[in-house]
Structure formats: structure tokens, C-alpha cells
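>>> Sequence and predicted structure, then a few things I'm wondering about:
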Amino acid sequence: MITIYHNPRCSKSRQGLQILEESGVHFETIKYLENPLTKTELEHVINILNIKPLDLVRQGESIWKENYKGQELSDNDILEALTKHPKLIERPIVLNKNEGIIGRPPENIKSIL
């Protein structure tokens, strides 16, 4: 099953969703701002993406700059920040079984369909 972690307010996320819709594949949409991911769910996503927690952070967001930038944070600290502030999560994220990708640019999504 393909899953997209989607933020409808984000143009890149909307473009990613459109790519999935146009591909004709069946997928599940998770609006993670409405239903925030748990720490365990974030760890699962990070493991599939094969990245560090910091790589999932939108470091240009004001929440990050004002509260976390420049601090020495452990992976656990970053996971806690992402759980508390889901707006910090890069988007869109698309998982297809044991593969995953951050859809920036959205065309990257095509590589795992």
C-alpha cells in the first residue's frame, strides 16, 4: 500500500498528491497536521526513508528557528520537536512498502511507484 503524508496547504504536497492520483495507483492519504504522527510512527518513516531525524525537519520554519536552531539536539529531541510541531515535517512523504521518498521536488515520487 502506498501512503502519502500530506499537508493540503503546501503546494509541493498538493503536486505530490496529484502525481499519485494521475498514476492510477491506490493510496492512502494521511493529513498529518490533523492527525499528528506519534514518535513511533515518525521513527518508522525515518527508517524507511533511511535518513536522520534532522533530515526530516523543515529548518526554514520559524518554529524551528525560534526554538531549536543552534541547539545541540539528540535524535530523540528532534523526534519530540516533530511530534510537538508537525508543521516542521518535510512534505510530502510517500511510502511504498519498504521504500520511501520526500517529494521535493514532487517528481521524485514517480521513482517509487
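Structure's in. What do you need?
>>> looking at it, residue 110 is touching residue 19, isn't it?
Yes: taking C-beta atoms under 8 Å as the definition, residue 110 is a contact partner of residue 19 at 6.5 Å. To be clear about C-beta, it is placed using only N, CA and C from the backbone, and glycine gets the same treatment.
>>> Would you mind telling me which of the two has the busier surroundings?
residue 19 (20 against 13; other C-beta atoms under 10 Å).
>>> the strands in the protein, which residues?
2-6, 27-31, 93-96, 99-102 (DSSP state E).
>>> Would you mind giving me the confidence score for the closest residue to residue 85 other than its chain neighbours?
Distance criterion C-beta to C-beta, 6 or more residues apart in numbering; nearest residue to residue 85, sequence neighbours excluded, is residue 63 at 5.0 Å. The model reports residue 63 with a pLDDT of 97.
>>> Against residue 86, how distant is residue 63?
10 Å (C-beta to C-beta, to the nearest Å).
>>> Give me the more crowded residue out of the two.
Between residue 63 and residue 86, residue 86 has the larger neighbour count (other C-beta under 10 Å), namely 19 against 15.
>>> all helices for the chain, in order.
Under the criterion DSSP state H, the chain contains helices at 11-23, 39-49, 62-67, 75-84.
>>> Any chance of JSON lines for those, columns distance to residue 94?
Supplementary listing: the helices of the chain in JSON lines, determined by distance: least, C-beta to C-beta, whole Å:
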{"stretch": "helix 11-23", "distance to residue 94": "7"}
{"stretch": "helix 39-49", "distance to residue 94": "10"}
{"stretch": "helix 62-67", "distance to residue 94": "23"}
{"stretch": "helix 75-84", "distance to residue 94": "17"}
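>>> quick one: which of these is nearest residue 103?
helix 11-23 (3.9 Å; C-beta to C-beta).
>>> where's residue 75 relative to residue 52, distance?
Taking C-beta to C-beta, one finds residue 75 at 7 Å from residue 52.
>>> Overlap in contacts, those two.
Between them, residue 75 and residue 52 share no contacting residue under C-beta atoms under 8 Å, 6 or more residues apart in numbering.
>>> correct me, but residue 37 touches residue 56?
No: using C-beta under 8 Å, residue 37 makes no contact with residue 56, being 10.3 Å away.
>>> I am finished for the moment; much appreciated.
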